[in-house]
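> this one's sequence-less:
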């Protein structure tokens, strides 16, 4: 299983403006009154996402308590990867008890706006819409023999909630590459280092 790291864009980068529909067809737009916004690029079939799937409700609970909006975004090419279709997004969300909005980026434009590279790829923004944390949930991986507890991301959420500085040591997320449509991959995408 090849591994792709997140691009680790600069902290302070503004959140892109976007509107997407969830896997039920409901439109989602960022709430300006939220204390922050957590965006996780993810999908249904990726083993790295499956590895963190069970901790995501805990992450969502922490966000809700902190007044932070949380959304998942699936940007994968569903023609070549039908397991990531919106229909399967519904069943996957139900299986893992994901109650946060799970959005579908059909044309992959939102993933490109965020410079998202892998699944999962995590972006946590403060109330002003500036990037506060990006990177991994924690040090665990599918073949590490340890379950994901979301330690790094939960710490970042707590720091944002209590108006403290962002974590100094932010490590890249590792996952399968976003499944780009033919001839649509961004410049930073390395086809030789993908899963």
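Received it, and whenever you're ready, just let me know what you need. Because the structure is predicted, anything quoted here is derived from the model rather than measured.
> show me the contacts for the closest residue to residue 98 other than its chain neighbours.
Distance criterion C-beta to C-beta, 6 or more residues apart in numbering; nearest residue to residue 98, sequence neighbours excluded, is residue 56 at 5.8 Å. Yep, even glycine has a C-beta here, placed from its N, CA and C like the rest. Residues counted as contacts of residue 56 (C-beta atoms under 8 Å, 6 or more residues apart in numbering) are 40, 72, 96, 98, 100.
> over to residue 163?
Contacts of residue 163 by C-beta under 8 Å, 6+ apart: none found.
> show me where this protein has helices.
Counting by DSSP state H, the chain has these helices, from start to end: 47-52, 56-66, 86-96, 109-114, 151-161.
> and those: which comes nearest residue 127?
Checking the helices of the chain against residue 127 by C-beta to C-beta gives helix 151-161 as the closest, at 8.5 Å.
> return the helix or strand in the chain with minimum mean pLDDT.
Ranked by mean pLDDT, DSSP states H and E, the weakest helix or strand in the chain is strand 27-29, scoring a mean of 92.
> for that one, packing partners?
The contact analysis (3 or more C-beta pairs under 8 Å, 6 or more residues apart in numbering; DSSP states H and E) places strand 27-29 against strand 19-22.
> and the strand it packs on, what does it pack onto?
When contacts are defined as 3+ C-beta pairs under 8 Å, 6+ apart, strand 19-22 sits against strand 27-29, strand 102-104.
> adjacent strands (with direction) for it?
Strand 19-22 has its sheet partners listed here by DSSP bridges as strand 27-29 (antiparallel), strand 102-104 (antiparallel).
> how far away is the residue nearest to the spatial centre of the chain from residue 182?
The chain has residue 40 as the residue nearest its centroid, 1.3 Å off, counting by C-alpha atoms, centre = their mean. Distance of residue 40 to residue 182, computed by C-beta to C-beta, to the nearest Å: 25 Å.
> pLDDT weak spots in this structure?
Applying pLDDT under 70 to the chain picks out residues 1-2, 188, 190-195.
> ok, the nearest residue in space to residue 121 that is not next to it in sequence - contacts?
Of all residues not flanking residue 121 in the chain, residue 41 sits nearest, at 4.1 Å (C-beta to C-beta, 6+ apart). Contact analysis of residue 41 by C-beta under 8 Å, 6+ apart lists 72-75, 111, 114, 116, 118-121, 123, 178.
> likewise residue 146?
Applying C-beta under 8 Å, 6+ apart to residue 146 gives the contacts 139, 140.
> OK, contacts around residue 126?
35, 36, 132, 160.
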